[in-house]
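Asks: What follows is a predicted protein model with its sequence.
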Amino acid sequence: MRARDTPVPAPSALPADRPTDVLVVGAGLAGLPVALELARRGASVRVVDPADPGSGTSRVAAGMLAPVTEAEPDDPDHLAVGRAGLDRWAAFAAGLAADSGVEVPLHAAGTLALARDRDEAEALVRFADVCGRFGLPVERLLPSAARRLEPALAPTLRGALSVPGDLAVDPRRVVAALAAALPALGVDLVTGAVERVLLGDLAGGGSRATGALLADGRELRAGAVVLATGAHPVAGLPDAARVPVRPVKGQLLVLRDPSGPGLVERVLRFGHGYLVPRDDGRYVLGATTEERGFDVATTAWALHELLRDGFELVPGLLDLEVQETLAGLRPTTPDALPVVGPAAGVDGLWWATGHHRNGVLLAPLTGLLVADGLTGASRTPADEHVASLVDPRRFAAPAAPLHPPVPEDARA
Ligand SMILES: Cc1cc2nc3c(=O)[nH]c(=O)nc-3n(C[C@H](O)[C@H](O)[C@H](O)COP(=O)(O)OP(=O)(O)OC[C@H]3O[C@@H](n4cnc5c(N)ncnc54)[C@H](O)[C@@H]3O)c2cc1C
């Protein structure tokens, strides 16, 4: 059996038949911050998941909080959402540490984006130009300057870009802190798999979410239901309320330096890969991007590619121990933006998923957006704009036209 990474939640304190204000389905880095933020505002909240908190994709994530290097900087929508996510992190980490007693250190050494050949060096120059036009703080570095900052980099390095604003965090530490904070705030953590959402009829027509039916037959009743099941679909929803989320597989390795931290200080990005240092001598080397449905096998091919690319830039990785090989499923929408907000067509049903490569970055923002929406809190125009970009209803089937078009052959 796999060792547990997070404290085991205390047994459920509330009788399962007592309704709560909100039921959150899924205890990953989308669902847990939603529960946290709602509980802080006085709502009674229950979270249900068949597994330990954070043992889905959130357990696999590298933990980069990197809106600039993750988004194409000339894509204003992704950048707006990512930067709104990063802006929330410092306060979130401090508040979470206060609520849980678990420190959540932010790794603030920044990112170096690296080029291994002429094509990658030219791509870095283009990236720097676009960042400059959007006012994003990046600095071009000669390979020699990059190697002074990170002496472990290979002498074959062709170019580098410093991105000072990016942060990183250990996602498992975040989950551990959330799992400690939630019971202390009165949140009920229930073990169980939701089979389908329960719907009730509204007097004036339409339906309302009233809770969920679990696979073991229990019913969890609630005034609102938040679906945060990552890449996994949930049954029992009308077509209009569904969202087009698919799994995008990512594989990575966790390496460990037995002599402790210090081989590399900054997050390194190269091609499609990255190396993320933890503060205890571990390094996350990732990641693949694969369309393979719900397959989470780790493959020799992927590990070979990741290690080959990593060694090319940081030869010292050869001396490290392989601690883990992991695969996870990024919950991904067609426009790669999350779905956070009310579902179409069902009152009291909310989505919090589709975070793709940025579920850690967007964890605090997700909690705030759902809690603001459910409690009717006012938003700044900037937050309103971000909420509109991630609104699940952008994927709802267009309503049937009031006057269907007149067929061609019936026109005068
Ligand atoms: C290789 C890799 C690297 C990544 N690196 C980063 C990174 O550096 N930075 C970043 O911001 N993001 C990163 N991500 C993305 C991030 O991991 C995800 O966006 C995020 O973890 C999604 O969180 P989630 O809560 O939506 O999903 P999950 O963590 O998968 O949680 C969903 C939960 O729902 C539960 N569930 C499913 N079905 C049901 C049901 N029927 N009933 C009850 N519960 C159910 C599951 O058991 C699970 O616990 C990475 C992803 C991968 C794969």
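Replies: Sure thing, it's come through. Fair warning: this is a prediction, and the values are worked out from it, not measured in the lab.

Asks: The least confident helix or strand in the chain by mean pLDDT vs the ligand: in contact?
Replies: Ranked by mean pLDDT, DSSP states H and E, the weakest helix or strand in the chain is helix 67-70, scoring a mean of 83. No. Counting by C-beta under 6 Å from any ligand atom, the ligand has no neighbours in helix 67-70; the shortest distance is 7.4 Å. The way it works is simple: take the backbone N, C-alpha and C, and place the C-beta from them, glycine included.

Asks: And stretch 265-284, by the same measure?
Replies: No. Using C-beta under 6 Å from any ligand atom, stretch 265-284 stays clear of the ligand, with a minimum separation of 6.8 Å.

Asks: What's the first helix or strand after the least confident helix or strand of the chain?
Replies: Scanning forward in sequence from helix 67-70 by DSSP states H and E, the next helix or strand is helix 76-87.

Asks: now what about whatever helix or strand comes next after that next one, what contacts it?
Replies: Note on helix 76-87: by DSSP H and E, the next helix or strand toward the C-terminus is helix 89-100. Applying C-beta atoms under 8 Å, 6 or more residues apart in numbering, the contact partners of helix 89-100 are 33, 36, 40, 65, 102-106, 167, 169, 174, 176-178, 180-181, 184-185, 361, 363-364, 367.

Asks: I'd like to know which of the residues you listed are part of strands.
Replies: L65, L167 (DSSP state E).

Asks: among the contacts of helix 89-100, which ones are buried?
Replies: 33, 36, 65, 102, 104, 167, 169, 174, 176-178, 180-181, 361, 363-364, 367 (16 or more other C-beta atoms under 10 Å).

Asks: Now find how far off-centre the least confident helix or strand of the chain is within its chain.
Replies: Computed by C-alpha atoms, centre = their mean, to the nearest Å, the chain-centroid distance of helix 67-70 equals 14 Å.

Asks: and what of stretch 197-209?
Replies: The answer for stretch 197-209 is 30 Å, by C-alpha atoms, centre = their mean.

Asks: And for stretch 264-274?
Replies: Distance, centroid of stretch 264-274 to centroid of chain: 19 Å (C-alpha atoms, centre = their mean).

Asks: That one: which residues count as buried?
Replies: V264, E265, R266, V267, L268, R269, F270, G273, Y274.

Asks: And the residues you listed, which is closest to D319?
Replies: V264 (12.8 Å; C-beta to C-beta).

Asks: tell me the secondary structure for that closest one?
Replies: Under DSSP: H, G, I helix; E, B strand; the rest coil, V264 falls in the coil class.

Asks: Now for it: which residues touch it?
Replies: V264 neighbours (C-beta under 8 Å, 6+ apart): E150, A152, L275, P277, Y283, V314.

Asks: The fifth one - how many residues pack around it?
Replies: By the other C-beta atoms under 10 Å criterion, the neighbourhood of Y283 contains 23 residues.

Asks: and stretch 373-391, which residues are buried?
Replies: Quick answer for stretch 373-391 (16+ other C-beta under 10 Å): G373, L374, D383, V386, A387, L389, V390, D391.

Asks: Then stretch 64-84?
Replies: Neighbour-count burial for stretch 64-84 flags 64-71, 73, 77-84 (criterion: 16+ other C-beta under 10 Å).

Asks: Go ahead and name everything in contact with that stretch.
Replies: 85-86, 89, 106, 111, 113, 127, 130-131, 133-134, 136, 138, 163, 165-169, 267, 269, 274, 276, 336-338, 357-358, 360-362, 365, 382-383, 385-386, 389-390.

Asks: now for that stretch, what's the gap between its first and last residues?
Replies: Stretch 64-84 stretches 15 Å from its first residue to its last (C-alpha to C-alpha, to the nearest Å).

Asks: Now the helix or strand containing G223: average pLDDT?
Replies: Element membership of G223 [criterion: DSSP H and E] is strand 219-227. What strand 219-227 shows for mean pLDDT is 98.

Asks: Kindly report the same for stretch 373-393.
Replies: 97.

Asks: and if you look at stretch 289-302?
Replies: Here the average pLDDT along stretch 289-302 is 97.

Asks: can you start the count at 822 instead of 1 from here on
Replies: Got it, the first residue is 822 from now on, which makes the last one we talked about stretch 1110-1123.

Asks: Quick one: the helices in the stretch 822-971 of the chain, in order.
Replies: For the stretch 822-971 of the chain, the helices defined by DSSP state H, counting those that start in this stretch occupy 852-861, 888-891, 897-908, 910-921, 939-954, 964-970.

Asks: of all these, which gets the most neighbours per residue?
Replies: helix 852-861 (a mean of 26; mean count of other C-beta atoms under 10 Å).

Asks: Report the distance from that helix to the chain centre.
Replies: Worked out by C-alpha atoms, centre = their mean, helix 852-861 lies 15 Å from the chain centre.
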